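Peer 1: Coordinates only, no sequence provided:
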């Protein structure tokens, strides 16, 4: 049985190149392990810490959103779905690993959306639906029950970013000490 008909054969080299690119990104990501803690920033625990936390939260949220959006636009539109969805999932996984290692986030919290997308694909592919309305209701119910889990993972990501800033700002910076604590005489 031929899973990919001949009319899709022109996209296979591009899809394989993208898959190798994503696997290369995963391999380099596992070897390099970049981290945000190596960056230099203002080391005083003042107003700049709040600005840094807000900026870090926005950058992390946009990075996570980009990790799930960019592969969607990179997969060729005319590729077969049995090749396109795994390619999208591989791409979003590889870009999510970059976000996880760069911001030192919990992997399960960032990949919760990825697991949710996989679950949605399984709910849509279930063969026991009578018609499209029942299938749409099942996908809606799945999304309804997954939304609190995704929200909780987003809250966990934001709280871990705050802990990262507080820990690194205290460790790398000079803690706000008053004059009476610094004098020895």
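Peer 2: That came through fine. Predicted, not measured: the structure shown is a model, and the values here were computed from it.
Peer 1: and residue 178, what pLDDT?
Peer 2: Note for residue 178: predicted pLDDT of 42.
Peer 1: what do you get for residue 3?
Peer 2: Among the per-residue scores, residue 3 holds a pLDDT of 59.
Peer 1: now do residue 99
Peer 2: Predicted confidence (pLDDT) for residue 99: 91.
Peer 1: With residue 182 instead?
Peer 2: Per the predicted model, pLDDT is 40 at residue 182.
Peer 1: and what of residue 85?
Peer 2: The model reports residue 85 with a pLDDT of 93.
Peer 1: tell me which element it falls in.
Peer 2: When secondary structure is defined by DSSP states H and E, residue 85 falls within helix 81-103.
Peer 1: Show the subsequent helix or strand relative to that helix.
Peer 2: Sequence-wise, the next helix or strand beyond helix 81-103 is helix 107-125, with elements assigned using DSSP H and E.
Peer 1: that older thread, from the contact counts, what lies against the helix holding residue 85?
Peer 2: Contact partners of helix 81-103 among helices and strands, from 3 or more Cβ pairs under 8 Å, 6 or more residues apart in numbering; DSSP states H and E: helix 12-32, helix 47-74, helix 107-125. No exception for glycine: its C-beta is placed from N, CA and C like everyone else's.
Peer 1: Now render those helices as TSV, adding distance to residue 157, mean neighbour count and mean pLDDT.
Peer 2: Written out in TSV, the entries for the helices and strands packed on helix 81-103 read as follows (distance: least, Cβ to Cβ, whole Å; neighbours: other Cβ atoms under 10 Å; pLDDT from 0 to 100):
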stretch	distance to residue 157	mean neighbour count	mean pLDDT
helix 12-32	18	14	89
helix 47-74	7	15	86
helix 107-125	5	16	94
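Peer 1: Redo these as a markdown table? Include distance to residue 134.
Peer 2: What follows is those, written out as a markdown table (distance: least, Cβ to Cβ, whole Å):
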| stretch | distance to residue 134 |
| --- | --- |
| helix 12-32 | 32 |
| helix 47-74 | 26 |
| helix 107-125 | 11 |
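Peer 1: quick one, which of the ones you listed is nearest to residue 135?
Peer 2: Of all the helices and strands packed on helix 81-103, helix 107-125 sits nearest to residue 135, with 6.6 Å by Cβ to Cβ.
Peer 1: Show me what that closest one is packed against.
Peer 2: Packing contacts for helix 107-125, counted by 3+ Cβ pairs under 8 Å, 6+ apart, involve helix 47-74, helix 81-103, helix 132-172.
Peer 1: any idea how far the second one is from the chain center?
Peer 2: I take that to be helix 81-103. 8 Å (Cα atoms, centre = their mean, to the nearest Å).
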